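*Asks:* only the shape, not the letters, is given here:
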């Protein structure tokens, strides 16, 4: 199974991310439905949310919360920006 690596993640208002994948595909994800109790709670703070990083094709935050890039690639519809 091919891993669809994220190469760029741009935080946007309302806890959205614009993701660029290595094949040039752009997708916008609303992360807010995934922010709950536990490790994801930190993301509810805008300052923290903005510090998203791309490491080895995954998007992640300092506390270790991350998303599988294949989930993002399949879950989110392609965005035309």
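*Replies:* Perfect, thanks for sending it. Everything numeric in this text was worked out from a predicted model, so none of it was measured. Residues are numbered from 1 along each chain as shown.
*Asks:* all helices for the protein, in order.
*Replies:* Here the chain has its helices, by DSSP state H, at 46-49, 69-75.
*Asks:* touching the shortest one from outside, list them.
*Replies:* The one in question is helix 46-49. Residues from elsewhere that reach helix 46-49, judged by C-beta atoms under 8 Å, 6 or more residues apart in numbering: 11, 15, 31, 42-43, 61-62. To be clear about C-beta, it is placed using only N, CA and C from the backbone, and glycine gets the same treatment.
*Asks:* so what's the residue nearest the centre of the chain bridging to?
*Replies:* Centroid check for the chain by C-alpha atoms, centre = their mean gives residue 59 as the closest residue, at 5.1 Å. When bridges are called by DSSP bridges, residue 59 pairs up with residue 54, residue 67.
*Asks:* picking that back up, just the buried ones from the contacts of helix 46-49?
*Replies:* 15, 31, 42-43, 61 (16 or more other C-beta atoms under 10 Å).
*Asks:* and of those, the nearest to residue 55?
*Replies:* residue 61 (10.3 Å; C-beta to C-beta).
*Asks:* which residues does the closest one contact?
*Replies:* 42-43, 48-49, 51-53.
*Asks:* got the phi/psi numbers for it?
*Replies:* Backbone torsions of residue 61, given as degrees, to the nearest 10, read phi -120, psi 170.
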